[in-house]
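Novice: Provide a 3D model corresponding to the input given below.
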Amino acid sequence: MVAAKDLKLGAFFFGGVEMDDAGAGLPNPMDRRYSNEECWQATLDYVNSAKEAERLGFDSFWTTEHHFQYEGYEVIPNGLQISTWIAAQTTKLRFGAMFNVVPQWNPMRLAEDFSTLHNLSGGRAMLGVGRGTVPREVLHLNDKGVSIGSQDNPDQQADDAHNREIFEESMEIVRRALDNERFSFQGKHFQIPLPGIPDRGATVQDLTLIPRPIYPYEIWQAVTSPPTLDYVAQVGHGAVFWNQHHSFIKRHWDAYGEKYAAAHDGVQLEPHEKRMLVVSYRIEDSMEAARASALPGHDEFWKFLGPYGWSRGYMGPDGKPSPPGLIPTLDESIENKTMLLGTAEDVAAEVQFLKDLLGFEYLTLFPHHLGDSYKKADEQMARFTEEVLPLLT
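Specialist: Numbers count the residues shown, from 1 in each chain. Down below sits the predicted model:
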């Protein structure tokens, strides 16, 4: 069991605009329209919170990649670029994106940009990858007609399958580019190099990524479905679990270890290896105060992400995953243990339960609920390190 002092604590921020009307009901998300100045202020506050995370002793700070969100939910379009700026102002903090939306990238450009950040920061970058959430973004940022679907929506299965194909080919290219002096790839969707390109008296047979990482690096991927769990274990990416009932996470957590061993010549991982838990939390001086403080941001979160199927990891009344379209109440999130709240002692007890259940080393906290001030998020990071962490074993 990993001791509390050895936990690798991360902080994950969506990077949204502060809102004075967060919560369930009106306004409808798309009826908000924040100014460029308000979105930019959120970016500056975001960078300051990253520096505060380092001051508080956090191991890592996780950004997002989202585009065109004038409604103010997530205003950081390039986690690698903003992390390069953060890296220049910190010395120990590691950083990654939850997640770089791979189908929105040329895979060679993603590999180049990550390598540049990783090398400039002295090896402090982690490559977080995912398949996306918002069709508005992905359809305008790739040239292969990729959208995003969900297994829970049968009419979108074709989109989901196409997205998965593009993602997996892209990641094969990224890994080859990062790991080899020369690389090539011939797949259904990508040919690298394209055949017959003349170059100084010959034709191009392979490519070389400049720069490649000069430090070891990690790849982390969101796991939200059985096919993704199979894939992540097979290729050896670290698995990130969030917004699922604790019993479902336990099942997937253990299955990852079994599938990893099957794909890697029987190599047995320790329970803490190559797996990360992400949890939302809110610490106040009483349970009542914590509920009141958390409710607006919790409900705004689900008003935003519920329509995209993010609650499919919640447990339904029959003990199975909830049907599509669930907009969880705060009580349901507390019951599923996706939201930990109360006094420091209450939150510590919940974290300890999850730590004993999973044996994790990587714990990433979500302290900045949608609409919250960055000052509140900074306070929550401080309360966790100063009041909760000492209570863990």
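Novice: phi, psi of the residue lying closest to residue 272 once chain neighbours are set aside?
Specialist: Using C-beta to C-beta, 6 or more residues apart in numbering and skipping residues adjacent in sequence, the residue nearest residue 272 is residue 361, 3.7 Å away. C-beta: built from backbone N, CA, C; applies to glycine. The phi and psi torsions at residue 361 (degrees, to the nearest 10) take the values phi -110, psi -40.
Novice: all strands in the stretch 101-250 of the chain, in order from the N-terminus.
Specialist: Taking DSSP state E, counting those that start in this stretch, the strands of the stretch 101-250 of the chain run over residues 127-130, 185-186, 191-192, 198-199, 202-203, 219-222, 238-241.
Novice: hey, which strand is longest across this protein?
Specialist: Using DSSP state E to define each element, the chain has its longest strand at strand 275-283.
Novice: helices or strands up against it?
Specialist: Packing contacts for strand 275-283, counted by 3 or more C-beta pairs under 8 Å, 6 or more residues apart in numbering; DSSP states H and E, involve strand 8-12, strand 238-241, helix 246-263, helix 287-305, strand 339-342, helix 344-358, strand 362-366, helix 374-383.
Novice: by how many degrees do it and helix 246-263 diverge?
Specialist: 160 degrees (axes from the mean of the first three to the mean of the last three C-alpha atoms, to 10 degrees).
Novice: quick one: average confidence on strand 275-283?
Specialist: Average pLDDT, strand 275-283: 98.
Novice: OK, contacts around residue 81?
Specialist: Residue 81 is in contact with residue 113, counting by C-beta atoms under 8 Å, 6 or more residues apart in numbering.
Novice: just use 35 as the starting number from now, easier for me
Specialist: Yes, from this point I'll number from 35; that puts the last item at residue 115.
Novice: would it count as being in a helix?
Specialist: Yes - when classified by DSSP: H, G, I helix; E, B strand; the rest coil, residue 115 is found to be part of a helix.
Novice: Would you mind measuring from it to residue 48?
Specialist: 17 Å (C-beta to C-beta, to the nearest Å).
Novice: likewise residue 57?
Specialist: Counting by C-beta to C-beta - residue 57 and residue 48 are separated by 16 Å.
Novice: Who has more neighbours out of the two?
Specialist: Counted by other C-beta atoms under 10 Å, residue 57 and residue 48 do not tie: residue 48 has more neighbours, with 24 against 16.
Novice: so where's the chain shaky on pLDDT?
Specialist: 35, 183-189 (pLDDT under 70).
Novice: So the residue most central in space within it versus residue 254, what's the distance?
Specialist: The residue lying closest to the centre of the chain (C-alpha atoms, centre = their mean) is residue 132, at 2.4 Å. Counting by C-beta to C-beta, the separation of residue 132 from residue 254 is 8 Å.
Novice: intersection of neighbour lists for those two?
Specialist: By C-beta under 8 Å, 6+ apart, the residues touching both residue 132 and residue 254 are 162, 274.
Novice: Neighbours of the nearest residue to residue 392 once chain neighbours are set aside, how many?
Specialist: Spatial nearest neighbour of residue 392, chain neighbours left out: residue 287 (5.3 Å); criterion: C-beta to C-beta, 6+ apart. Residue 287 has 22 neighbours, counted by other C-beta under 10 Å.
Novice: what sits against residue 287?
Specialist: Neighbours of residue 287 in contact, by C-beta under 8 Å, 6+ apart: 273, 275, 305, 309, 392.
Novice: roughly how far apart are it and residue 41?
Specialist: Taken as C-beta to C-beta, the span from residue 287 to residue 41 is 16 Å.
Novice: Check residue 144 too.
Specialist: 29 Å.
Novice: How about residue 55?
Specialist: The value you get for residue 55 to residue 41, if C-beta to C-beta is used, is 36 Å.
Novice: which one of these two has more residues nearby?
Specialist: Taking other C-beta under 10 Å, residue 55 and residue 41 do not tie; residue 41 has more neighbours (18 against 11).
Novice: Kindly list the main-chain dihedrals of that one?
Specialist: phi -60, psi 140.
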